[in-house]
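[1] sharing a model that was predicted from the sequence below.
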There are 6 protein chains.
Amino acid sequence: MPVLKEVKEIADKIRNMEIRGAGKIARYAAYALQLQAEGSKCRDATELWEEMKAAAKLLFETRPTAVSLPNALRYVMHRAKVAYSGGADVEQLRFVIVTAAKEFIHNSKSAVRRIGEIGAKRIEEGDVIMTHCHSKAAISVMKTAHDQGKNIKVIVTETRPRWQGKITARELADYGISVIYVVDSAARHYMKMTDKVVMGADSITANGAVINKVGTALIALTAKEHRVWTMIAAETYKFHPETMLGQLVEIEMRDPTEVIPEEELREWPHNIEVWNPAFDVTPPEYVDVIITERGIIPPYAAIDILKEEFGWALKYKEPWED
Amino acid sequence: MPVLKEVKEIADKIRNMEIRGAGKIARYAAYALQLQAEGSKCRDATELWEEMKAAAKLLFETRPTAVSLPNALRYVMHRAKVAYSGGADVEQLRFVIVTAAKEFIHNSKSAVRRIGEIGAKRIEEGDVIMTHCHSKAAISVMKTAHDQGKNIKVIVTETRPRWQGKITARELADYGISVIYVVDSAARHYMKMTDKVVMGADSITANGAVINKVGTALIALTAKEHRVWTMIAAETYKFHPETMLGQLVEIEMRDPTEVIPEEELREWPHNIEVWNPAFDVTPPEYVDVIITERGIIPPYAAIDILKEEFGWALKYKEPWED
Amino acid sequence: MPVLKEVKEIADKIRNMEIRGAGKIARYAAYALQLQAEGSKCRDATELWEEMKAAAKLLFETRPTAVSLPNALRYVMHRAKVAYSGGADVEQLRFVIVTAAKEFIHNSKSAVRRIGEIGAKRIEEGDVIMTHCHSKAAISVMKTAHDQGKNIKVIVTETRPRWQGKITARELADYGISVIYVVDSAARHYMKMTDKVVMGADSITANGAVINKVGTALIALTAKEHRVWTMIAAETYKFHPETMLGQLVEIEMRDPTEVIPEEELREWPHNIEVWNPAFDVTPPEYVDVIITERGIIPPYAAIDILKEEFGWALKYKEPWED
Amino acid sequence: MPVLKEVKEIADKIRNMEIRGAGKIARYAAYALQLQAEGSKCRDATELWEEMKAAAKLLFETRPTAVSLPNALRYVMHRAKVAYSGGADVEQLRFVIVTAAKEFIHNSKSAVRRIGEIGAKRIEEGDVIMTHCHSKAAISVMKTAHDQGKNIKVIVTETRPRWQGKITARELADYGISVIYVVDSAARHYMKMTDKVVMGADSITANGAVINKVGTALIALTAKEHRVWTMIAAETYKFHPETMLGQLVEIEMRDPTEVIPEEELREWPHNIEVWNPAFDVTPPEYVDVIITERGIIPPYAAIDILKEEFGWALKYKEPWED
Amino acid sequence: MPVLKEVKEIADKIRNMEIRGAGKIARYAAYALQLQAEGSKCRDATELWEEMKAAAKLLFETRPTAVSLPNALRYVMHRAKVAYSGGADVEQLRFVIVTAAKEFIHNSKSAVRRIGEIGAKRIEEGDVIMTHCHSKAAISVMKTAHDQGKNIKVIVTETRPRWQGKITARELADYGISVIYVVDSAARHYMKMTDKVVMGADSITANGAVINKVGTALIALTAKEHRVWTMIAAETYKFHPETMLGQLVEIEMRDPTEVIPEEELREWPHNIEVWNPAFDVTPPEYVDVIITERGIIPPYAAIDILKEEFGWALKYKEPWED
Amino acid sequence: MPVLKEVKEIADKIRNMEIRGAGKIARYAAYALQLQAEGSKCRDATELWEEMKAAAKLLFETRPTAVSLPNALRYVMHRAKVAYSGGADVEQLRFVIVTAAKEFIHNSKSAVRRIGEIGAKRIEEGDVIMTHCHSKAAISVMKTAHDQGKNIKVIVTETRPRWQGKITARELADYGISVIYVVDSAARHYMKMTDKVVMGADSITANGAVINKVGTALIALTAKEHRVWTMIAAETYKFHPETMLGQLVEIEMRDPTEVIPEEELREWPHNIEVWNPAFDVTPPEYVDVIITERGIIPPYAAIDILKEEFGWALKYKEPWED
């Protein structure tokens, strides 16, 4: 079951972080499967299927805790498996794989634009929107609404410790959108004047909880307190299938020096610990809708995305496992 | 009705902010009234009473929007008025005023210690406490609990934009208390492990709402969401009588350069506004108790403090008005 | 213990509803006590006190279920009792009674204006206010805010079945205030755009529940759901002391023909009952503040009003009872 | 691609509102597709498919904002597309279309009866039910429960401004069911005695929000406040697929003269606006179940209905689009 | 400062638990003070006051953690102190003490009856009431309602581990009241059919929290969830002044053998601990009213009871301390 | 359509309760269908299908109100129907049936183990877990977490009236897990120290409500109040398809003598009724996730289980009905 050299090279680059960013990794993984299918010398479907499984496993193991990478593999391999089990011959199987890979890449590339189109329909003339951190998908919603001539205003929280709010504020302002920039703690103070909250997601669990930049849960909480809609903009490859099988999403703890400069930290007493969690978990009851490139869903339908996109539904073997 | 020179000097210093800090201003105002009573040459009570009113008005007008200053005046003048109306002679009146002024000064000075003693009884061995900003009264609760040998841990939020959390963290740590330092946005993420929230107050309204450093309301909200007790440590002179007469507490908007350094701000596009509110308002239903130097009360009893301390109850003339 | 003829005449007019309206009845009752004190021939305090008790009982019995009438009597008689118990002589007692009666009448007359002054401080430039039914005290708040040059807009619900909303809408509009008139069912639909809810009260119980026109509770509920402030404007004589002793406030059931015209109703099948409750009960947790002529209080301090105004506190004898 | 004359006539009648009522329009649209398939002269499947698409587009454009009409088209065309893509020949395709159209018509006609059967199982002996407006589906639940010999009582709100409650009250009473008729504002006052709330829907969004007669949201809110079940009775063609793609449901603003008679309105000051929204939006967390003719679902499963009935799931092309 | 022999004997009996039961202990403590005042040989007020303080201290120390005992002492001594400070002579002081003691004893004895009278007004014909444990005050409410001819039904929870529900059930049933007896876990299942919850209290804190038999908080929680009124019947001597000064109410942990018979427990594995807390804490937001013998109050007014009854308000010295 | 003797014998044993326990009954029912398919003499698919329907009906009628039995039948017959409608020949149909039956039996047997594996991933080192009653699936989660070396502690409620908590406590303790045993009423008192609640289910409705041992709803309610996760461990055959068609789950009322020993009960007054409901209903908003052997789902996805496992989706004929 020879895995092609090009596939191995891509795997190496993913492992070494030469290829990085959730979307890019996912697209390269799909592309590697396409290359394998196109380049394979196999003469029968079983043989090709075995090769594909080997390639998928190789790619999967480069970053076993990521979300987007295995989702790309599942997208392609799930379709391949259905075809293979249904009796496809080697050419049909190859065709299915190549098509699925191209489809995934196309979808992934257009997802942010598509989320913008769908989400912008929910934005009304004059809306004040609150956002947190820097999310391409969330920004796409606001820019598209602006493109449609809607006069909106965006409250951007600075997003400590890494100040992603600054990037968001400048990006929106440069695009011509009015921005109000505030500290994270001011979220509740300005919720009364907010019409909608639009934020991104790092990943989304099977029961609709949203893992995103620390502070997201506080904003969603006070939005629900004020009956303001919280909309999460997220590409479907952010949905996290393993959580259906009980996997807890581990919250990454980042370096204290993001919070306190190293030289200052060195002088601090030893009984101060600096804790710097990257994310927090927003329970689904605080999220009104999730905007995906496939449409708007309530958070409790996260599971449907998993099923439709990745063929994951309520079982627990990867398509490349026996 | 000659107001003494010493009184006028104190009034000038308060106006010029040579005397500053809520507690200090209040104590000097009471002291000025004491000086006036002691130094007055009056031979009868009515004359002294008129002098006192003039002195009180003079002092009151130095900082008409403060809370602690008029409260100090009310404390002394309310007692003087009761004595005067009850027929006190000049010596009796002088005695009442001097005693009341000394009492106020003594109470004010010992209030933080007393709040520490009372509040610490509510802290239990092993408690994890969350606090925000830098409040002497709140810190007094934690230090006293530590003094009593209770093993506590304090989660301190950095408190953007002015990082008062750093001062709090160092002060507690230097005192020997274990500290966990986090960004403001992490408050909900660590609420599950928190046993009690202890925060200070800038002022407290007649219906028990707490005006305090922006971010306080978010923490109190998520504490209530998790059924964690929120305790506000506040000296009685923080209670704001005018709110009983409908006065809205205005939230101070501070300079944008506290949030973004001036040089950076200059380069920002003009359609970004930086809003920097100093405080927010925590509704009384999110506060479990207020710890004052006079005892622990539910927030809805704020009005009782106003009545007992300042003779304010449900009427609307200052004691020095006719 | 001869009750004066003039007092009896007033009692008759109250009983026959020649004198009507909560405020008017109360003022006449106080005036009758004043007349009795002024006109009495008594030579000693005990005799006068007995006469006053007789007069009070006579007046009380004219409308035993009203709220304002006994409150007027209590206001005067409580002060009389304190003086009498404290050893006042007949002239002192007479003086206390006459003064108290005049004070009550004055307060009652100026209460609506005073509520307007206090409440208007809570109204901000640009506020959208929702109101229900027709309440003089609530309207006074809005008119005073308008007088102060604040640009406000009022959403008025029509208030079925008796359309008091029409009166409110016209009164406000004639005064120059912009009005949006909607059916009662639209209250939640427009709550998102509402800044404050201001409504009146028919009476207020010892634990702060508000009895008011049916529909009030629904509006307060959805206001709380949206974190919009509900302010109840109510004169202190609306507070209902007997509820401290357990009395349930009975909700008046009015005639079905207010809901359905009689001729239409006659043709309806007999298994349709038309129920027409005049009031509903808003629990105190849905009310943020009560605006009285004596100041702003949280609903849980209703009891303080009862104590201060009527000397009622936690005991259970009328001052004219032995 | 000739569209048949009969189809065009139906399209005209829908456009001119000769055919009206959500159910009727939907059934005629399906019938028109059936006519087209039956009457078509096409000899191959591709040709027929093109004709069908043309007919569907024509019908779709008659009322582009309705919900039931496009749902009828989708029901038939989705099945046609599956057959066509699967390689059906012209006769098979025709058969599929005719069958699907008949099925839709049959289902639609029997939906109200079926909802009654399913919903009535949830009604228990002695239940007091509250309803609002006039909904055939909701009434069917109550009548069926009555037919089963269950002794029920129904509280009917009058439903301003158009008094649909009167129709509901009479219809139920004529059927032998005891009715209590109240103004809309009394909904909370009688919620304590209510066992279940049963209401209809105008349309239902992808995330389970219910658009229905203004006032529905207030009743559902107070039902949830009292832990009383809210059940929405709605045919599946009420589910609104476009909301999955972000479409906001626009709330129709109707004529002020429905609220205030024209002659009265003319005399009103110009600074009173009368706003008359036809509907409001009940968020899914206030709805316990939706009763459809296909079974009972939680509101968050609205999306499943869309998928199963209209083949809509998470994509965004109409079946008649290329 | 000789304390009388009779007083010492009472102190001994309280210490040895010959005198027991919250009410009885309190009444004997007041009686002991009365005896001391009556029997004292003192010739001047200061001497008597010193003797009284000595007696109060002696009695106080017999059971330092009880609530009713110090409250009895405070009731009498507070009045004595006011008189003494006001310049009473020895006979006046003796008179005040004896009167206050008799008053306390009388009030205490009649409190349960009085609570019944007040609380029963809140019970309506046909009410279904839920109660927990065995509370004389709560039972008094139900019996009085029954005496008034109201037809009520009481749901009694068995109250593990000591089955006090059995006593309550039998006492009510013997009195002629219909009882439904259920396990504690069934409280939520039957809350829908419950009209009011009436329970007792072991003690009540300064901020209105209710300490009562474990399980009380669960019932109050689900009552609030269903918008059913929770009424706590409690004599005023149950109010706990020290909590105003921060004292935490310690929850008594009782013997495991109340939960599991000793012989069974002996055979259990050692890694099972049996925890048997006697009480739990119901937060004030779950309590609608407290019914005392002095009237009905919202829980947040607990502090008023403390002030009025025990002269405690916001200071922190016992009247017998210097 | 001869049903085999062996099948009839199994049916008899199920009816006579010789075969009992939800899991066992279900597996025997599937096995009976397998026997029928294997033993049938039919020569064509139609004949076999008719026989299978007869066998299924016979088995179904043995216990028409059970949940697991019809679910087993549906599992097999749904797959059979799909095959039969798809044109399977007799051998293919037989093969499908035998395979489906074996699969069901295998899944059912391994479900508890599988639930343990999936659920244990959600348990973290040091967790304190609360459980109620005795649930094999819930216990499997805790044991598996223990097997993985996680140091956990379990709070077990005694579960009146039948003390299933004792069995749970001993089973866990014998397995080496630390247990805290408390009365049911203590659930809220210890919720603050609880990290997760894990309980079983008797059955689960189409909208995600959990029917389980009385008391479950109270624990889930207070867990939600404290923001503690409630996880329900339940095999998929616990999901109740008929509820989709409106069926109300009837709550079994068990014998009073489970609550009060018969001899004691005989002496009780006749106006005490003892009500002993076996179960209560936990609404889906209090359940965070359901752990099934197929994965973790939000309660609102219960409907997906019904569709995937039993082919039930939104229609209403059993597969063995015509």
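    Perfect, I can see it now.

[2] what separates the residue most central in space within chain A from A:Y300, distance-wise?
    Geometric centre of chain A, nearest residue: A:K238, 3.1 Å, by C-alpha atoms, centre = their mean. Using C-beta to C-beta, to the nearest Å, A:K238 is found at 16 Å from A:Y300. Where C-beta positions appear, they are placed from N, C-alpha and C, glycine not excepted.

[3] equivalent analysis for A:Y175, please.
    33 Å.

[4] verify the contact between A:R162 and A:D255 for me.
    No: counting by C-beta atoms under 8 Å, A:R162 sits too far from A:D255 to count as a contact (10.8 Å).

[5] is any residue of stretch A:240-251 near chain F?
    Yes: residues of stretch A:240-251 contacting chain F under C-beta under 8 Å from any C-beta of the partner chain: A:T243, A:M244, A:L245, A:G246, A:Q247, A:L248.

[6] neighbour-wise, give me the winner out of the residues you listed.
    Using other C-beta atoms under 10 Å in any protein chain shown as the neighbour test, the residues of stretch A:240-251 next to chain F are led by A:M244, with 28 neighbours.

[7] would you say that residue is within a strand?
    No: using DSSP: H, G, I helix; E, B strand; the rest coil, the secondary structure at A:M244 is helix, not a strand.

[8] how about the closest residue to chain F within the stretch 101-250 of chain A, what does it touch?
    Chain F sits closest to A:G246 of the stretch 101-250 of chain A, with a gap of 3.5 Å, by C-beta to the nearest C-beta. The neighbours of A:G246, taking C-beta atoms under 8 Å, 6 or more residues apart in numbering or on different chains as the test, are F:E117, F:I118, F:G119, F:A120, F:K121, F:R122, F:I291, F:G295, F:I296.

[9] again, but for A:I272
    B:A169, B:R170, B:A173, B:V179, B:I180, B:Y181.

[10] with respect to chain D, which of the residues you listed is nearest?
    Taking these together and measuring to chain D by C-beta to the nearest C-beta, the closest member is B:I180, at 34.4 Å.

[11] secondary structure element holding that closest one?
    Per DSSP states H and E, B:I180 falls inside strand B:178-182.

[12] show me what that strand is packed against.
    Here strand B:178-182 touches strand A:272-274, strand B:153-157, helix B:164-174, going by 3 or more C-beta pairs under 8 Å, 6 or more residues apart in numbering or on different chains; DSSP states H and E.

[13] for C:K153, which of these is the nearest?
    strand B:153-157 (38.7 Å; C-beta to C-beta).

[14] from chain F, how far off is the closest residue to A:V182 other than its chain neighbours?
    In space, not counting the residues next to it along the chain, A:V182 is nearest to B:W275; the distance is 5.3 Å by C-beta to C-beta, 6 or more residues apart in numbering or on different chains. Distance, B:W275 to chain F, using C-beta to the nearest C-beta, to the nearest Å: 31 Å.

[15] again with A:I296
    16 Å.

[16] go on, A:G23?
    26 Å.

[17] chain neighbours aside, what residue packs nearest to the closest residue to chain E within the stretch 101-250 of chain A?
    Residue of the stretch 101-250 of chain A nearest chain E, by C-beta to the nearest C-beta: A:E225 (15.8 Å). In this structure, A:E225 finds its nearest non-sequential neighbour in C:R227, 5.9 Å apart by C-beta to C-beta, 6+ apart.

[18] looks like the one you found contacts A:K192 (just checking).
    Yes: with contact defined as C-beta under 8 Å, C:R227 reaches A:K192; the gap is 7.0 Å.

[19] can you check which residues contact both of the two?
    A:H226.

[20] these two: which has the busier surroundings?
    C:R227 (16 against 13).

[21] right, I'll leave it there.
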